[in-house]
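Q: sequence first, then the predicted structure:
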Amino acid sequence: MDELNDLARLEREALSALQTATEQASLDAWFGRYLGRKGAVTLAVRRVGSLPKEDRPAYGQAVNQLRKRLEAALAQQGETIKEAALAAEMETGAFDPTLPGRLPNVGRVHLSNRTLREIYDIFRQLGFQIYDAPEVESDEYNFELLNIPAGHPARDMWDTFYTTTPGYLLRTQTSPGQIWAMREYAPEPIRVILPGKCYRYEQVTARSEMMFHQVEGLVVGENITMADLKGTIVAFVRQMFGQERKLRFRFSHFPFTEPSVEVDMDCILCGGKGCRVCKYTGWLEIMGAGMVHPTVLRNAGYDPEHYSGFAFGMGPERIAMMKHGIDDIRYFFSNDVRFLSQF
Ligand code: FA5
């Protein structure tokens, strides 16, 4: 059958043409010439219909096998070209197999949480436990039991976001956690820190956010004095910021402590000489503190005749700002990876 000879010739011609294709473009052209819709092999397949009936099976089988062999040869030649290209690239040094691979983008602990963990570590060494209190609070816990009745002027400093349930709000401070802890443990002694998020409905500035963290500290027992408060805070600040730090306790007012103090540390940037960060005062405010008010002790189940305690409240974002020289608190929660990945 002449047609079978034609197929053999076609195969020889196609294979030798394939050998000369040394790049992808000539492979594509070769495909069009032989295997494409109008290619020689496709035309050869169509020829089946014009053959005498008895020749059709043998021819059909031969042309199908021819197509399969050519497809395999094409794939093989494609691989050969790729390998040759890679070898050439390695030869010229454009591809360097010794370069390290690209690392996937790995997340990290947020600076607020990192600072919280540093604070936990220090207080753990001082014998404090962590106590978790609610973020959504009642007016009673956030204000009244802390000696801030309705209409008290201190409420103006602590405006917040209210829920649709009357009397419930997002806590403005971690201090209501004091009541939870005391009511759970009274009359046992207490030594806890209460970390968590707080909310205030106030103008967002470089120093103030609407949402921020606080870490409250609370110690209650017999014969707890202001000296214990000072010793604890000095120990904490020196571990956090360096043993050379100086502290200053200034009189202040909080309705839930008496006496109340504001604690300042000498500026870590200028060492107290005065600079932009400390607004040329030499001091940085780091927390509010005081002796737990007798009314608060009583509200939470302790007899103030026999028990006393101290409490403090600090803002870990402000602490991180001092430690790392960050000049705007808004970086913390605006989620810019360029900021977050530095810590
Ligand atoms: C209080 O919230 C008191 N509950 C602290 C306290 C606790 C006093 C126990 C006595 C006894 P103050 O409003 O100053 O106090 O806030 C305490 C700290 O929270 C501030 O020093 C600051 O670090 C942080 N803070 C307060 N408001 C904001 C804010 N809007 N953005 C970021 N941090 C804030």
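A: Here it is on my side, so go on. Numbers count the residues shown, from 1 in each chain.

Q: element containing F251?
A: Of the helices and strands defined by DSSP states H and E, F251 is found in strand 247-254.

Q: chain center to that strand, what's the gap?
A: Distance of strand 247-254 from its chain centroid, counting by C-alpha atoms, centre = their mean, to the nearest Å, is 35 Å.

Q: equivalent analysis for stretch 321-337, please.
A: That offset, for stretch 321-337, works out to 13 Å (C-alpha atoms, centre = their mean).

Q: flag every residue of the stretch 201-343 of the chain that's near the ligand.
A: 202, 208-209, 212, 214, 216, 254, 257, 287-290, 311-315, 317-318, 329 (C-beta under 6 Å from any ligand atom). (C-beta placed from N, C-alpha, C; glycine too.)

Q: buried among these? Make that a ChimeraX selection.
A: To isolate the buried members of these in ChimeraX, using 16 or more other C-beta atoms under 10 Å:
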select :209,212,214,216,254,257,287,288,289,290,311,312,313,314,315,317,318,329
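
Q: now, which of the residues of the stretch 201-343 of the chain next to the ligand lie within strands?
A: 212, 214, 216, 254, 257, 287-290, 311-314 (DSSP state E).

Q: from the stretch 51-200 of the chain, which residue is nearest to the ligand?
A: Residue of the stretch 51-200 of the chain nearest the ligand, by C-beta to the nearest ligand atom: Q173 (3.6 Å).

Q: count of neighbours near that residue?
A: Using other C-beta atoms under 10 Å, Q173 is surrounded by 26 other residues.

Q: what residues does it make contact with?
A: N142, W158, C198, Q214, E216, G313 (C-beta atoms under 8 Å, 6 or more residues apart in numbering).

Q: go on, T232?
A: Contacts here follow C-beta under 8 Å, 6+ apart; on that basis T232 touches L126, G217, V219, F310, F312.

Q: with S341 instead?
A: Counted by C-beta under 8 Å, 6+ apart, S341 has contacts R108.

Q: against the ligand, how distant is it?
A: For S341, the distance to the ligand equals 22 Å [C-beta to the nearest ligand atom, to the nearest Å].

Q: my guess is R117 meets L111, correct?
A: No. Checked against C-beta atoms under 8 Å, the pair R117 and L111 is beyond contact range at 10.7 Å.

Q: just send the contacts of Q173 back as CSV, with pLDDT too.
A: Shown next, in CSV, are those (pLDDT from 0 to 100):
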residue, pLDDT
N142, 96
W158, 87
C198, 97
Q214, 98
E216, 98
G313, 98
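
Q: all strands for the stretch 1-150 of the chain, in order.
A: With DSSP state E, counting those that start in this stretch applied, the stretch 1-150 of the chain shows strands at 129-130, 136-138, listed in chain order.

Q: ranking these by burial, who's on top?
A: Counting by mean count of other C-beta atoms under 10 Å, strand 136-138 has the highest mean neighbour count of the strands of the stretch 1-150 of the chain, with a mean of 18.

Q: D303 belongs to a helix?
A: No. Using DSSP: H, G, I helix; E, B strand; the rest coil, the secondary structure at D303 is coil, not a helix.

Q: so what does it have for phi and psi?
A: As for D303, its main-chain torsions (degrees, to the nearest 10) stand at phi -80, psi 110.

Q: just the one 4 residues further on next, same as before
A: Y307 adopts backbone torsions of phi -120, psi 150, taken as degrees, to the nearest 10.

Q: what's near enough to touch it?
A: P187, V220, G221, E222, I224, L297.

Q: mind putting those residues in CSV, neighbour count, pLDDT and distance to R9 included?
A: Below are the contacts of Y307 laid out as CSV (neighbours: other C-beta atoms under 10 Å; pLDDT from 0 to 100; distance: C-beta to C-beta, whole Å):
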residue, neighbour count, pLDDT, distance to R9
P187, 14, 95, 107
V220, 25, 98, 103
G221, 16, 98, 105
E222, 10, 97, 110
I224, 19, 98, 106
L297, 23, 98, 107
